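Trainee: Quick one, fold the following:
(chains A and B)
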2 protein chains.
Amino acid sequence: MKLEILPVPGIGDVTAGDDLAGLITSAAPWLRDDDVLVVTSKIVSKAEGRLVEVPADGPERDEARHRVLESETARVVARRGPTTIVQTRHGFVMAAAGIDASNVDKTHLVLLPADPDASARRLRADLAARGLDVAVIVSDTMGRAWRNGLTDVALGASGIDALLDHRGEIDPYGNELNLTQMAIVDELAAAAELVKGKCDQVPVAVVRGYPRRRGDTDRGVSVLIRDGESDMFSLGTAEARVEGLRDAARLAGAGGPFERDAADRALGLVTGLITPGTTVTAGAGVLRMTPAGSGPADLIRLGADAHRLRAALAAEGLASGIEFGDDAVTITFEGA
Amino acid sequence: MKLEILPVPGIGDVTAGDDLAGLITSAAPWLRDDDVLVVTSKIVSKAEGRLVEVPADGPERDEARHRVLESETARVVARRGPTTIVQTRHGFVMAAAGIDASNVDKTHLVLLPADPDASARRLRADLAARGLDVAVIVSDTMGRAWRNGLTDVALGASGIDALLDHRGEIDPYGNELNLTQMAIVDELAAAAELVKGKCDQVPVAVVRGYPRRRGDTDRGVSVLIRDGESDMFSLGTAEARVEGLRDAARLAGAGGPFERDAADRALGLVTGLITPGTTVTAGAGVLRMTPAGSGPADLIRLGADAHRLRAALAAEGLASGIEFGDDAVTITFEGA
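Mentor: Residues are numbered from 1 along each chain as shown, chains lettered A, B, ... in the order given. From the prediction side, this is the model:
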């Protein structure tokens, strides 16, 4: 298998209502069946009229941008300085919700297509109507966690499976592959980016020679979206840390099951932090704390130390309850 | 610009001490100047003898794998179930530190090359000695945050800049591009993966036609590694949340500057959680809490509530100190 990556120059300005299939086939009359067409989302958005008018400069522009970002945001994932990473309504995690001010006049912002999979299906159907059986990928440029630099990935796809599943294949040593599902539409988008320009108006490229498995389902890129629940990085580190502090402020209710080792680790964390002289004794699934002295301030201090210890227990996964006595607090666990 | 992506089949088994330049030029006598050679890290590791012997099965195998993972790990980033994502000693964030049991016999694990940039430089030099001026990328398959499916990225590179910097370019609308640095070595690795197989022993591919800017510095892939400090996703969400709980357990020391709005948000969070009847009064940069009743248990409760509030304040970015009196606690801030 050998691939060719071919740029499609000469598409020119795209405006709302433009027929992308027409523009692309005029610019690339050499397009043929089984090609994979990779189209920058920017021109899809423009053709679909996904533009918002904003002031060209000044604080009004910043305010307008902020409002647009809010309207495109399903939830904020992380913020730092001027950077806001959000999950968009489509489910993509992107800086500024993919809203872009480049390659458009200064009085407009370009939003992502409303449904990039649908955009890809439509463009594929329009090309099919012209007798061309191609796969279509709608791409955009994204940042990543952990690595500097951006790469292009797929926002939408039609006529091609987003994932190539190697699970169950046996390697030459007899090992079965367990986990390998390749995000080939992202790799195709990345390959296409190499021949596109950021400023020189080459918003479309063609990958020729990639074997399209017939019977491809048309599930689009949505299968690549990891929901917040199963994502181990659904929040920025600083934001998740703040959530942990909030959890600590909220600690309430009944305890979970007691685990001796976890409790010992929690006690280790607060050793040296709780008031000297405080005693902590462990009973059957309870921790009982008595104050360092008999004055009122000693009792108040005991309460603060008890909540400190409960936060440390929560950090170890131990949910606790608390009972306040007149000379002690009892931190309680299930089954105690 | 048109690219070709060409697979290099026929390399066969690679073992420690093999001359990769020789194997590659024999399998691809058509290799020529200015090609970009993308080599799967697996065969680089094998040639460099980066293999560890492990039992073929049983709990001993799991234990050995665990030990190897620990030795390759600089820090654990996130864990869930059987998955451990770590930052390797090189700085890469990868599941299982990139240790791989596929495409190797059952009694060995393959580690990443010790220094993939150096591996790339060596291979490039060996090819130069054969009269070939090519760029070399050492690639591997990685998962990502937020998106399902894996893609190939670069672990090492030589003879090509990892990043293509578009900053300062002006688009046709007169907008200056601010942020666009493309991780082209990752895109080249992804493109190459499309013609490689996971099980069919095509560990090398060539990208032909990509313009190499002369005077490329040879900084390798290290420029793509985002250090933990500047990474907004340096820890998994669950792990960072636990850190927040630990922060709450450790709260100690002097307060930071008081901010009324943040304090109000913190008070809002704990409203309904602190003991009914407790009073919280705000003075000049201090919050003073008095107990709901006069019994010893009321005082202990007051202390717990005070720590609860301090955790809520910390979640809002307000560092506080605490002073224990006989009838009140005072939560203190700088400049109070």
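
Trainee: And the residue of the stretch 101-250 of chain A closest to chain B?
Mentor: A:G244 (1.9 Å; C-beta to the nearest C-beta). Every residue, glycine included, has its C-beta placed from N, CA and C.

Trainee: so where does that residue fall, helix or strand?
Mentor: helix A:237-250 (DSSP states H and E).

Trainee: mind listing what the nearest residue to A:W146 once chain neighbours are set aside touches?
Mentor: Spatially, and ignoring its direct neighbours in sequence, A:W146 is nearest to B:V93 (4.0 Å; C-beta to C-beta, 6 or more residues apart in numbering or on different chains). Shown in contact with B:V93 (C-beta atoms under 8 Å, 6 or more residues apart in numbering or on different chains): A:A145, A:W146, A:R147, B:V77, B:I85, B:V86, B:Q87.

Trainee: mind running it again at 10 Å?
Mentor: Counting by C-beta atoms under 10 Å, 6 or more residues apart in numbering or on different chains, B:V93 touches A:144-147, A:233, B:74-75, B:77-78, B:85-87, B:142-145, B:225-226, B:228, B:231, B:233-234.

Trainee: filter those to the buried ones?
Mentor: A:144-147, A:233, B:77-78, B:85-87, B:142-145, B:225-226, B:228, B:231, B:233-234 (16 or more other C-beta atoms under 10 Å in any protein chain shown).

Trainee: one step back: number of nearby residues for the nearest residue to the residue of the stretch 101-250 of chain A closest to chain B once chain neighbours are set aside?
Mentor: Among residues not flanking A:G244 along the chain, B:G244 sits closest, at 1.9 Å (C-beta to C-beta, 6+ apart). Counted by other C-beta atoms under 10 Å in any protein chain shown, the residues lying close to B:G244 total 27.

Trainee: got the residue ranges for the helices in chain A?
Mentor: A:20-27, A:41-47, A:58-72, A:116-129, A:184-193, A:237-250, A:260-270, A:296-315 (DSSP state H).

Trainee: among those helices, which is the most enclosed?
Mentor: helix A:184-193 (a mean of 29; mean count of other C-beta atoms under 10 Å in any protein chain shown).

Trainee: roughly how far out does it sit from the chain middle?
Mentor: What separates the centre of helix A:184-193 from the centre of its chain is 19 Å, taken as C-alpha atoms, centre = their mean, to the nearest Å.

Trainee: and what of stretch A:66-73?
Mentor: Taking C-alpha atoms, centre = their mean, one finds stretch A:66-73 lying 17 Å from the centre of the chain it belongs to.

Trainee: ok, that stretch near chain B or not?
Mentor: No - for stretch A:66-73, no contact with chain B is found by C-beta under 10 Å from any C-beta of the partner chain; the gap never falls below 14.7 Å.

Trainee: for the closest residue to A:V54 other than its chain neighbours, what are its contacts?
Mentor: Ranked by C-beta to C-beta, 6+ apart and with sequence neighbours excluded, the top spatial neighbour of A:V54 is A:A64, at 4.1 Å. Counting by C-beta under 10 Å, 6+ apart, A:A64 touches A:V52, A:E53, A:V54, A:P55, A:G58, A:L109.

Trainee: and if you look at A:A120?
Mentor: A:37, A:39, A:41, A:44, A:113, A:135-139, A:154-160, A:185, A:218, A:220-221.

Trainee: For the helix or strand bottoming out on mean pLDDT in chain A, buried residues please.
Mentor: The weakest-scoring helix or strand in chain A, judged by mean pLDDT, DSSP states H and E, is strand A:163-165 (a mean of 89). Residues of strand A:163-165 classed as buried: A:L163, A:L164 (neighbour count, 16+ other C-beta under 10 Å).

Trainee: Show me what that strand is packed against.
Mentor: strand A:181-183, helix A:184-193 (3 or more C-beta pairs under 10 Å, 6 or more residues apart in numbering or on different chains; DSSP states H and E).

Trainee: which residues are contacting the shortest one?
Mentor: The one in question is strand A:181-183. A:153-154, A:162-167, A:189-190, A:221, A:223-224, B:141, B:143-144, B:147-152, B:190, B:193-194, B:196, B:198.

Trainee: Kindly recompute the last result at 6 Å.
Mentor: By C-beta atoms under 6 Å, 6 or more residues apart in numbering or on different chains, the residues outside strand A:181-183 that reach it are A:L163, A:L164, A:D165, A:L224, B:G149, B:L150, B:T151.

Trainee: same question, stretch A:67-85
Mentor: Residues contacting stretch A:67-85 (C-beta under 6 Å, 6+ apart): A:52, A:86-89, A:93, A:95-97, A:99, A:109, A:236, A:239, B:232.

Trainee: circling back to that earlier point, ok, the least confident helix or strand of chain A: who's next to it in the sheet?
Mentor: strand A:181-183 (antiparallel) (DSSP bridges).

Trainee: I'd like the average pLDDT over the partner strand.
Mentor: Here strand A:181-183 scores 94 as its mean pLDDT.

Trainee: Quick one, grab the pLDDT at the residue most central in space within chain A.
Mentor: For chain A, the residue sitting closest to the mean C-alpha position, by C-alpha atoms, centre = their mean, is A:V93 at 3.3 Å. A:V93 carries a pLDDT value of 96.
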